[in-house]
Structures are given as structure tokens and as C-alpha cells.
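>>> Need coordinates for the below:
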Amino acid sequence: QDMVNVMNALKPDAMTFHWEFTLGSDRVAEIVEGLPFAALGQNTFDAEWDEPTELFPPYKFYETGGVKVAVIGQAFPYMPIANPGWMFPEYSFGIRDERMQEMVDEVRAKGAELVVCLSHNGFDVDKQMAGVVTGIDVILSGHTHDALPEPVLVGDTIIVASGSNGKFVSRVDLDVRNGRMMGFRHKLIPIFSDVIAPDPAMSALIDAQRAPYLDQLTEVIGTTAEDTLLYRRGNFNGTWDDLICDALLSEREADIALSPGVRWGPSILPGQDITREDIWNVTSMTYPEAYRTEMTGEFLHVVLEDVAD
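Numbers count the residues shown, from 1 in each chain. Okay, the predicted model is just below:
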């Protein structure tokens with residue numbers, strides 16, 4: 001709820017979905033019905049009937065700079081594979097390229113001069129989708145947390161990725177004439193939090209949300225070595241992943257430890273205190289249990305191949 005409160009105060013124009021669904025379908029519905037901004041997902045379907053859902057509209061129109069802009073939402077397509085499907089049995093996802101093409105054609109027919117896809121596909125899937133679906137001008141790419149210094153061009157579509165954890169913000173200026181994007185200017189802007197004056201109202205809200213838990217958040221658990229940087233960046237491992245896996249091996253009497261390469265959280269510098277909040281920053285999820293189980297070598301091989309794929 002604290003994140004919902006802060007996002008509602010921030011008021012972005014629109015959002016799409018991934019981890020939200022692991023709160024459970026009822027909770028997602030409760031939150032979405034009270035949002036002061038659009039929650040979009042053209043690929044979010046009713047699982048029983050394989051039909052689009054009313055709760056998550058596929059797109060929304062905006063006007064900016066005198067241009068009619070359509071924003072189409074693309075939720076994370078592999079939800080029941082990457083996350084426990086029993087948490088949201090009412091919904092199915094998938095990339096649904098053909099449906100995306102239908103939505104692009106539909107908004108163009110309704111007068112959209114610019115089509116933006118707000119995507120949680122992941123960068124590689126976005127590149128593939130841009131090569132299959134025609135008529136998308138801009139894909140705002142999420143999920144894989146890439147920070148691209150320049151947009152990637154696939155056909156007539158530009159893909160913009162802005163990293164994660166508020167490390168960067170992207171500014172994209174578009175030249176739109178006669179219903180076509182004629183050119184663009186892009187800047188990936190690093191956010192130096194110690195030199196930018198924070199918004200007073202937002203700061204006060206964040207402080208109020210954190211206040212009941214401040215003692216836990218600031219508790220120092222350890223310190224990084226003078227030659228160690230703790231990061232969680234690569235798909236397969238980073239020093240934070242090594243620490244998590246070493247801890248599991250130590251506590252669970254296991255021969256092998258696996259940690260999902262989720263690539264999130266800010267880095268901890270050498271010689272810096274590690275607080276409980278730092279640990280939560282790289283491990284917080286809605287089903288945080290660690291499991292110990294027996295695996296055959298064959299099954300372990302299947303798991304690793306699946307992750308690599």
C-alpha cells in the first residue's frame with residue numbers, strides 16, 4: 001500500500017503490469033479501481049474465455065503539443081511462467097503480437113498521430129515485437145532494467161529503455177507532422193539525488209510512509225569489504241547473488257543454491273554499511289520463501305536451460 005500511495009501522489013499518465021499480479025487478483029482489482037491514472041494491458045485476458053478484460057483497457061488517448069497520442073499497454077507476457085500462476089488464475093497473458101497489431105490499427109483509425117507502447121516485455125522481446133508489428137512509433141521498454149544511452153531503431157520504431165531504481169530518466173522529444181514521426185531527440189539523464197532538490201510534498205509523503213518502519217530499515221547488518229562492490233546487475237549472477245546463495249548454502253545445508261537473476265536494487269559501495277533496507281532492496285518480493293528440495297542432475301539441467309532460453 002505504501003507504494004500505491006506514493007505512485008498515486010506521483011500521478012504518472014499510465015502504467016502496465018508485472019509483479020502487481022503476485023498480490024493476488026482481488027488485491028489488484030481493488031488497487032486498480034482506485035487509481036488516478038490509467039492501468040493498461042492489451043495482452044491481459046480472461047483465462048477462462050480467452051477474451052480481453054474490462055478492468056485493463058488496451059490503450060488510452062492523450063493530447064500533447066497539439067498531437068493526438070495513443071498509449072498501448074503491454075503487460076509482462078510470461079506471468080504464469082515466471083511467477084506462481086495460482087496467485088492470478090483468472091488471467092492469461094502472452095505477447096499477442098496479432099492483437100497488438102489490431103490495437104495499433106484501431107487507434108490509427110481513431111486518429112492517433114503517434115503510437116506509443118508502454119511495455120513490460122523486456123528489451124529483447126520488444127525488439128522482436130517491433131519487427132513483427134507495424135505502426136508503433138515508440139516503445140518504452142521495461143522489465144530487463146536496461147539503461148540505453150541511445151534508442152534502438154527497429155524499422156520505423158524507436159525503443160527507449162531507462163534503467164531502474166530511479167537511476168535515470170529519459171527525455172524524448174518527437175517531431176510529428178501529418179500523423180508521422182519525422183524525427184526524435186533523446187537524452188538519458190542520470191539522476192544525482194544529492195544535487196537535485198527533492199519535491200517537498202513527495203518527500204514528506206515518503207518520510208511518513210517510512211516512519212513506522214525506520215528502526216528496521218536503518219538497522220546495520222554488516223559492512224562491505226574495502227575491495228567489494230555489491231551489485232545485482234547481470235542476468236545470471238552478481239556479487240549480491242553470490243552473497244544470497246552463500247547465505248542459503250550456509251543456513252540450509254544444501255549442495256547447490258539458486259537465486260533468480262532479477263537485476264534490481266542500487267549497488268553498495270566498498271566499505272559501506274549494509275542495512276536491513278539494503279537487503280530488502282535486492283530481495284523484496286511478494287513470495288519471499290526459500291525452498292530446499294531434491295533435484296536430479298537432469299532436472300537441474302532443464303532448469304538452467306530454461307533460464308538461459
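
>>> ok, the residue most central in space within the chain - contacts?
The chain has H143 as the residue nearest its centroid, 3.9 Å off, counting by CA atoms, centre = their mean. H143 sits next to H18, F76, S119, H120, N121, G122, F123 when contact means CB atoms under 8 Å, 6 or more residues apart in numbering. C-beta: built from backbone N, CA, C; applies to glycine.

>>> now do W280
Under the criterion of CB under 8 Å, 6+ apart, the neighbours of W280 are L217.

>>> ok, back up a step: check the gap between the residue nearest to the centre of the chain and Q74 for me.
According to CB to CB, to the nearest Å, H143 stands 10 Å off from Q74.

>>> so what sits against both of the two?
Common contacts of H143 and Q74 (CB under 8 Å, 6+ apart): S119, H120, N121.

>>> Show me what the mean pLDDT comes to for stretch 247-255.
Mean pLDDT, taken over the full extent of stretch 247-255, equals 91.

>>> With stretch 98-109 instead?
If you average the pLDDT over stretch 98-109, you get 98.

>>> same deal with stretch 61-76?
What stretch 61-76 shows for mean pLDDT is 97.

>>> repeat for stretch 231-243
Averaging pLDDT along stretch 231-243 gives 86.

>>> Now tell me what touches it from outside.
Stretch 231-243 is contacted by residues 228-230, 259, 261-265, 267-268, 282, 307 when judged by CB under 8 Å, 6+ apart.

>>> What residues sit buried inside that stretch?
Buried positions in stretch 231-243, judged by neighbour count with 16 or more other CB atoms under 10 Å: Y231, R232, R233, G238, T239, W240, D241, L243.

>>> Could you tell me how far the fourth one is located from A225?
It stands for G238. The spacing between G238 and A225, counted by CB to CB, is 15 Å.

>>> next one: the first one
The span separating Y231 from A225 equals 14 Å under the rule CB to CB.

>>> circling back: most surrounded residue in the contacts of stretch 231-243?
Neighbour counts for the contacts of stretch 231-243, by other CB atoms under 10 Å, peak at I268, which reaches 25 neighbours.

>>> pretty sure it contacts T223?
No: contact between I268 and T223 fails when scored by CB atoms under 8 Å: they sit 9.3 Å apart.

>>> Take the contacts of H143 and keep only those in helices.
F123 (DSSP state H).

>>> wait, which of the contacts of H143 is closest to K60?
S119 (14.8 Å; CB to CB).

>>> The closest one - how many residues pack around it?
When neighbours are counted by other CB under 10 Å, S119 registers 28.

>>> The one 3 residues further on now?
Using other CB under 10 Å, G122 has 20 other residues around it.

>>> Many thanks, have a good one.
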